[in-house]
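can you look at this prediction? I've put the sequence above it.
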Amino acid sequence: MSTWALFDGAACGPDDPPEHPTWVDVQPILRAECTGCHGASASATGSGYRFDFFDMTATTCDDVADVLAGASLAHDQANKIATAITSTDEDVRPSMPPLPAPYLTDNQWLTILRWTANPTKGDKPSNNRPPQITVDGTAVLVDQMLDVHVVVTDPDGDPVVGKLKIGDQVIKLMDRSGAFTERFDTSSWPAGTVTMTARLCDGWSLVSADVLEIPINH
């Protein structure tokens with residue numbers, strides 16, 4: 001797509017992009033076409049720009065928003081996104097998505113472009129499901145060492161950030177979905193039972209859960 005004419009132009013049919021798209025319309029396109037580089041690995045693959053989250057605020061994610069403190073997310077990068085996916089020269093391909101990836105379809109391009117003109121989050125999808133965490137091989141009885149293994153997922157494919165705690169101690173900041181492993185020296189921990197808890201946010205809502213009761217038995 002080479003000019004701004006389509007953005008300013010004409011009538012919409014039933015299969016055309018929404019006139020006023022929100023994050024619900026845009027996120028699936030960015031997830032499919034952009035967040036392989038501009039997701040959790042953005043510091044290494046995407047010049048630090050993450051487009052997997054609209055934003056990250058305490059209003060939605062409470063203290064879990066701290067996990068992405070200072071990150072440059074989609075709302076703040078709307079102008080850069082519009083520039084990267086558009087060329088004013090018919091003979092020059094837009095820079096994003098980069099080759100050898102195919103360029104966006106007209107529908108995808110116009111949905112994103114209209115959104116960047118007014119980057120709105122909109123309402124949480126009515127069918128949105130919360131992120132989940134499962135224990136994978138974490139010891140249920142501990143003496144000197146505790147090996148923590150957890151897997152964070154989201155049934156809707158949304159990105160996830162979270163904090164994992166044992167008792168009052170934050171033991172892991174999770175800036176993505178996937179598997180996480182951490183080892184702790186528990187030799188000085190008092191005997192008794194501690195609770196492992198998780199707080200996870202998918203950008204729409206925050207969930208808290210007790211994950212595991214861990215007996216410390218020296």
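Sure thing, it's come through. Bear in mind that the values here come from a model prediction, so they are computed numbers and not experimental data.

tell me where this structure has helices.
5-8, 23-33, 42-45, 58-61, 78-84, 106-117 (DSSP state H).

of all those, which lies closest to residue 130?
With distances scored as CB to CB, the stretch of the helices of the chain nearest to residue 130 is helix 58-61 (12.2 Å). The C-beta positions use only the backbone N, C-alpha and C, and glycine is treated the same way.

now that closest one: buried residues?
60-61 (16 or more other CB atoms under 10 Å).

contacts for that helix?
Contacts to helix 58-61, defined as CB atoms under 8 Å, 6 or more residues apart in numbering, come from residues 65, 161, 201, 203-206.

how about low-confidence regions in this protein?
In the prediction, the chain carries residues with pLDDT under 70 at positions 1-15.

how does it look with 50?
Flagging of the chain using pLDDT under 50 yields the residue ranges 1-12, 14.

from the centroid of it, which residue is nearest?
For the chain, the residue whose C-alpha lies nearest the mean C-alpha position (CA atoms, centre = their mean) is residue 159; its distance is 2.9 Å.

and that residue, what is it in contact with?
Residue 159 makes contacts with 35, 39-40, 52-53, 176-177, 202-203, as judged by CB under 8 Å, 6+ apart.

of the helices of the chain, which approaches residue 215 most closely?
With CB to CB as the criterion, residue 215 lies closest to helix 58-61 of the helices of the chain, at 31.3 Å.

can I get that closest one in PDB, CA atoms only?
In PDB, the C-alpha atoms belonging to helix 58-61 read as follows (Å, rounded to 0.1, in the frame of the first residue of the first chain):
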ATOM      1  CA  ALA A  58      -1.700   0.300  37.300                       C
ATOM      2  CA  THR A  59      -5.400   0.900  36.500                       C
ATOM      3  CA  THR A  60      -5.500  -2.400  34.700                       C
ATOM      4  CA  CYS A  61      -2.600  -4.400  36.100                       C
END
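
quick check: residue 121 touching residue 26?
No. When contacts are counted by CB atoms under 8 Å, residue 121 is not listed as touching residue 26 (9.8 Å).
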